[in-house]
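> Provide a 3D model corresponding to the input given below.
(chains A and B)
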Amino acid sequence: MTITETTEARASAIGRSLRRREDPRLITGHGRFVDDVVLPGMLYAAIVRSTEAHARIVSIDTAEARKHESVHAALVGEDLDIARPLPMLWHPEGVAINEPEHWPLARDAVKHVGEAVAVIVGTDRYAVVDAAESVVVEYDPLTPVVDPEVALEEGSALVHERFGTNRTHEWSVGGGDIEAALAEADVVVERRIPNHRMAGAAIEPRGVVADWRAGELTVWTSTQIPHLVRHFLAEELDLPEDEIRVIAPDVGGGFGSKLNHYAEETLLAFLARKLGRPVKWIETRSENLASTTHGRGLLAYARMGAKRDGTLTGLDVRIIADLGAYLQIFTPAIPALGAYAMSGCYRFAAVQVNIVGVFTNKVAIDSVRGAGRPEATHIVETMVDQTAAELGLDPLEVRRKNFIPKEDFPATVALGLTYDSGDYHAALDKLLGHVDLDDFRRQQAELRRKGVYRGIGVSTYTEICGFGPSRPRGPHTRGFEAGFWESAVVRVHPSGDATAYTGTSAHGQGHETVFAQIVADGLGIDPDRIAVRHGDTDTGPFGMGTYGSRSIPVGGTALARAAAKVAEKARQIAAGLLYASPEEVEQANGGYHVRGAPDSHVAFEDVARAAYIPEELPEAIEPGLEATAFYDPKDYVWPFGAHAAVVDVDVETGKVTLLRYIAVDDCGRVINPLLVEGQVHGGVAHGIGQALYEQIVYSRDGQLATGTFVDYRLPTAAELPSFETDATETPSPINELGVKGVGEAGTIGATPAITNAVNDALRPLGVTMDMPITPMRVWQALQDVRL
Amino acid sequence: MIPADFEYAVPDSLGDALNLLRGTEEEAKPLAGGQSLLPLMKLRLAAPALLVDLRRIPDLRGIERSNGDFSIGALTRHAEVASMPELGIAARAAGVIADQQVRNRGTIGGTMAHGDPAADLPTVLLATEGSVLVRDRFRERQVEAADLFLGYLTTALQPGQVITRVVVPVLEGYGFHYEKFTRRAEDWAIVGVVALVAVRDQMCEDVRIGLTNMGSTPLRAFAVEEALRGQRLDADSIARASEHAADETEPPEDLSASADYKRHLARVLTRRALECALETAGPQPQIRPARLHERSQLAASSSGAGTAGTGGSGEQTLEQSFDVDAPMDRVWSAFTTVEPVVPCLPGAELTDSSGGVFRGNFRVKVGPASASYRGTVKLESVDDASRTLVMKASGQDRRGQGSASATITVKLNAQGDAKTHVETRSSFTITGTLARFGRSGMIEDVASLLMSQFATCIGQRLAGKEVSAQPSALSAGSMMLSLLKARARRLLARFRKS
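Sure thing, here's the model as predicted:
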């Protein structure tokens, strides 16, 4: 398609596959990441981390480290004068949560491998690492708590003695009468479904530079939430919030692992103030795997009830969540977020989710792409397949039979949440347009005769995203100590170019491109004329950051609203210039004209100029041309889709080869199809990674056994097929753009599709696999049934 | 990831390089492609004071063919080897090493010198019965592949020696295949199998099977070769013979594979490799009969009851028992006073003791990687009645990289008046960087060696035998060598008996 720019009709920017404008700088090495920040007199910090999973600190000897001539300071936990421990932000009413004090450097005891115990600061980036090595920490080892089920047993060693239990909290949500629903079923399928820990594994590890200058603190941090970080730093350091500036410059990925406030942010800010010099700390990959939050890490006991005809009656899920040693900002909330999505695309009479959180001597769990929802979707979608298998029914027929029909939207499900829009049949139909299922089954049978085990797996998902309405929706979405609205400023300059500021904080998504498209349509000008700024607390209004597939539905809507306000004012200015009443003036062709008189055209840049040199304008019009909007969505949005995976399982070696992956996603109205496809690709790769390759492993004594990328196996291009993507487009009624999020969709759809495909391949052998589906585990499972 | 401080030199000639490489491995280490050494340095598992970069030395380049051998310059990159199909199995295996970036930097000489049993080309060298040319300041010598690989990251190379050329026999007309099993394309082999077959009139005239990552070194699957040599080669005979691929192997475990799984893989992959090799075999092979038919080779000697590929380096337990030609009271007194037994631990030295707590240092070294601990040994419990004691040792790495601790239970049983049976049960835990170094099999293996060496030494010492001083650092290499010798002696003895 060629786009011809004419003054006659300006093509809409929304819906165009514009290439990412941030890419030229990022792929030619001109990005500005935290490690690119170099300040005069800057010092470097290296952190001494616990090598023990659980131990009392007997002594820390930093004498040797202080002998290095370039070392300025060596500090331990007791040296830090910080007003309050690191925050946790989820306190639902009536839920008692055991909250351990979590300080930037350990005090008295360490609770996981990788916990910071001391910091060395000096002028030489290399020498501080040498000095950190010479710190001698004497530990008195305590019994590590590793297995969350064992941790709940009477008499287990305790992560935190003071609580007298390893239980962090209990939380449940339910709708309908679950016992009645299961009693009504002809068959109740029960399964134990583990969902292993994984790392966010952003390509850029974390990093912080803090600078204390003339009584003001500036912190550069690789984060998804700069405004929240500023707020926390103000509290911890007892500083006025206005004297702190937090900047998230280019951020090389986060995947939820940077949706947090970390110890090092506080530590570096403290050091900069104490030492009066800027200090930099850049995380190594090994530190990242040991100290940055992990995701998933839960064990589910699920029961699904169904009638003989395939009607699903109820879903009961008991979750044991291995939350790690401390509670980061949303640690205990993560499994609850999954519970919101536990109904999937289906009409259940009743759904019940009971969660118990467990302390273990591991790094904390928190958000990783999908944060709870991939776990929930994995449970629902693998259970549907198992239930169908047990009933001898086609798993797709079972899905179709139970889908919430499109006529029912907005649809309130058993859990009390309301799905905004959906057409699950359409997505599944479109998926099946890419795979001839009958032909596949014929092929499959033929291949099995030759000893080739091929399988196909489908998942049909819907997920809650667009976080979110600040006021609770549904009975159990309470407790988040943050509003999830978003802010935007659109500022038109005298030239007619514009800058859009968003409170979201991009870290690879392409906001600079898509947000320009949204604002461009609002202002009726070309997206090239709009710069997008984010991630700096001093240049835009307070904002909530980027996560939970929220930036387009919430941040994008805020921008659209700010742009609409600007456009309205521009119309009034244009009316002034055209000596017409505003009601008679309309936006067209990159400017304004009097309705019915296109020749009366006044260009947008003339309007902008007039806004700043208002000599011709009526006095009632304020000078300037900018607007701020705060958008608080009235409810969540629910993207959905249908994914299919085709795999071969080598039943001799256990190795799974992924042959095809087909993803049909519906994220409402699409702003930029190219970027949506990119998000789906990345998300699917992430899900495939978890299903087949990636796993965080702690040994039985709490040592992290996957401390490098040699053992933490991210899939590479060599492991992945060319993804086949397609889409349906069901606008959301929640926001005026009709948009939903898509950043997590691929990850949510992928793990059950892969698992179902492997189990489809192995069904004739009587084997059902759980993740991670590694060759040895498949081989072991086959051994077990052959015995 | 910042390595410890080191100097760097780039000499233009081999002579200059060899001069710079005088001294121990900690003092100076040659750098070829750096794809294994540099990561170890960045993890601070290795910290040589001087790196001597060999890349500018012209003698280490070029590929020649003469007298039926390819002579490949040690600095030849894997990508170059992979791009020359005439190199046969070497090209095939080089093409699946790690990823393209590693192949562009890694060298054939470097991989031989590093001696990683999970590397691909050492297995090729072993199976083709190739060799390396080794130079030091005084002479050049040729080392057969079978004599080169001694254990984990441990070769027959001495400090100051450099591999100059890798000699791979031309095996004209041989069918060949390398079957490498990985989880991801770029990973080290979980198991790899080199198959070479020479076939005339469907009869197997020669066959070589090499195994990657099935022991502390690359291995030959002699039992498979023996089952096929001189036999008709077809799917059935291959399948039957391949069942012996893992005979007598003790493969190291890691997160991806238990020993049993690896043995299973070796059998499956051997069959597949042979089937593929058979397809590519020429009608008129120039037979170069295998010189090595049977030979004691060192499989991983791990006898530890480690976690089977599930928990990485969790607590490991080793059990060992041995007899001492000394009365039980004497043995008991040695153990309960501690001092007499500590010198038997290679790499260990006592510095002082007070109140039943002994302080000392312990150093362990595996190839270029090393760890140095300082810590204490104390008697936890002494039960005179049952002649059982529990010793607890714990230490911290001197470079802040973690800790190691062990609980050793010793139980004595009198075997008459002059003989004592000693049962030991040791459980040990390693924390920190070494524990995160996912090739946990390596640690188990070294620990197992350590314990067996300890047991042997104690047995001899208490029997009043002259015991040569233990090495100042536990070196896996020297111990592997002595174990190899011990095993060869046992084998020989077995033959004599029969």
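
> Just read off the phi/psi values of the nearest residue to B:Leu292 once chain neighbours are set aside.
Excluding the flanking residues, the one nearest B:Leu292 by CB to CB, 6 or more residues apart in numbering or on different chains is B:Ala146, at 5.8 Å. Just so you know, the C-beta spots here come from the backbone N, C-alpha and C atoms, and that holds for glycine as well. B:Ala146 has phi and psi values of phi -60, psi -20 when expressed as degrees, to the nearest 10.

> surely B:Ala146 meets B:Thr128?
No: the pair B:Ala146 / B:Thr128 is not scored as a contact, 11.2 Å apart, by CB atoms under 8 Å.

> more neighbours, these two?
Taking other CB atoms under 10 Å in any protein chain shown, B:Ala146 and B:Thr128 do not tie; B:Thr128 has more neighbours (27 against 18).

> Who are the contact partners of the more buried one?
B:Thr128 makes contacts with B:Ile89, B:Ala90, B:Ala145, B:Val168, B:Pro169, B:Leu171, B:Leu196, B:Arg208, as judged by CB atoms under 8 Å, 6 or more residues apart in numbering or on different chains.

> Cross-check the contact I'm expecting between B:Glu64 and B:Phe70.
Yes: in this structure, B:Glu64 is within contact of B:Phe70 by CB under 8 Å, at 7.3 Å.

> more neighbours, the two?
Using other CB under 10 Å as the criterion, B:Glu64 and B:Phe70 rank with B:Phe70 on top: 22 against 10.

> Show the backbone phi and psi for that one.
Residue torsions, per degrees, to the nearest 10, at B:Phe70 are phi -90, psi 130.

> From chain A, how far out is it?
Separation of B:Phe70 from chain A (CB to the nearest CB, to the nearest Å) stands at 29 Å.

> The nearest residue to that residue once chain neighbours are set aside: neighbour count?
Closest residue in space to B:Phe70, ignoring its immediate chain neighbours: B:Val168 at 4.7 Å, by CB to CB, 6+ apart. B:Val168: 27 surrounding residues under other CB under 10 Å.

> Kindly confirm my reading that B:Val168 is in a strand.
Yes: according to DSSP: H, G, I helix; E, B strand; the rest coil, B:Val168 belongs to a strand.

> for it, what are its contacts?
Neighbour list for B:Val168: B:Asp69, B:Phe70, B:Ile72, B:Leu87, B:Ala90, B:Val124, B:Leu125, B:Thr128, B:Gly130 [criterion: CB under 8 Å, 6+ apart].

> a helix runs through the fifth one, doesn't it?
Yes: counting by three-state DSSP, B:Ala90 falls inside a helix.

> Would you mind naming what in the stretch 651-787 of chain A lies close to chain B?
Neighbours of chain B within the stretch 651-787 of chain A, by CB under 8 Å from any CB of the partner chain: A:652-653, A:655, A:693, A:697-701, A:703-708, A:710-711, A:713, A:715-716, A:718-719, A:774-776, A:779-780.

> which of those residues are buried?
Among those, those classed as buried by 16 or more other CB atoms under 10 Å in any protein chain shown are A:652-653, A:655, A:693, A:697-701, A:703-708, A:710-711, A:713, A:715, A:719, A:774-776, A:779-780.

> check which helix or strand covers the residue of the stretch 451-600 of chain A found nearest chain B.
Residue nearest to chain B within the stretch 451-600 of chain A (CB to the nearest CB): A:Gly451, separated by 12.7 Å. Under the assignment given by DSSP states H and E, A:Gly451 is not contained in any helix or strand.

> tell me the contacts of it?
By CB under 8 Å, 6+ apart, the residues touching A:Gly451 are A:Val651.

> and the residue in the stretch 101-250 of chain B positioned nearest to chain A, what pLDDT?
Nearest to chain A, among the residues of the stretch 101-250 of chain B, is B:Ala185, at 3.7 Å (CB to the nearest CB). Per-residue confidence (pLDDT) for B:Ala185: 95.

> how close does it get to B:Glu144?
32 Å (CB to CB, to the nearest Å).

> Low-confidence ranges, the chain, go.
Answering for chain A, as no chain was given. A:1-10, A:475, A:787 (pLDDT under 70).

> wrong one, I was asking about chain B
Residue ranges of chain B with pLDDT under 70: B:293-316, B:400, B:434-448, B:465-498.

> remind me, longest strand of it?
strand B:369-383 (DSSP state E).

> Quick one: list the elements packing against that one.
Applying 3 or more CB pairs under 8 Å, 6 or more residues apart in numbering or on different chains; DSSP states H and E, we find strand B:369-383 packed against strand B:357-366, strand B:388-397, strand B:403-414.

> Show me what that strand pairs with in its sheet, parallel or antiparallel.
With DSSP bridges as the test, strand B:369-383 is paired with strand B:357-366 (antiparallel), strand B:388-397 (antiparallel).

> Check which residues of that strand are buried.
Neighbour-count burial for strand B:369-383 [16+ other CB under 10 Å]: B:Ala369, B:Ser370, B:Ala371, B:Ser372, B:Tyr373, B:Gly375, B:Val377, B:Lys378, B:Leu379.

> For the nearest residue to the first one once chain neighbours are set aside, what are phi and psi?
Right, B:Ala369. Sequence neighbours aside, B:Leu45 is the residue nearest to B:Ala369 in space, at 4.1 Å (criterion: CB to CB, 6+ apart). Per-residue torsions, B:Leu45: phi -90, psi -20 (degrees, to the nearest 10).

> Quick check: B:Leu45 touching B:Ser370?
Yes: using CB under 8 Å, B:Leu45 makes contact with B:Ser370 at a distance of 7.4 Å.

> gap between the longest strand of chain B and the chain center?
Put simply, strand B:369-383 sits 26 Å off its chain's centre (CA atoms, centre = their mean, to the nearest Å).

> quick one: secondary structure of A:Val95?
coil.

> oh, I was asking about A:Thr751
helix.

> So which elements touch the longest strand seen in chain A?
Determined from DSSP E, the single longest strand within chain A is strand A:312-324. Contacts defined by 3+ CB pairs under 8 Å, 6+ apart place strand A:312-324 against helix A:148-151, helix A:178-184, strand A:298-306, helix A:334-340, strand A:350-359, helix A:373-391, helix A:395-402.
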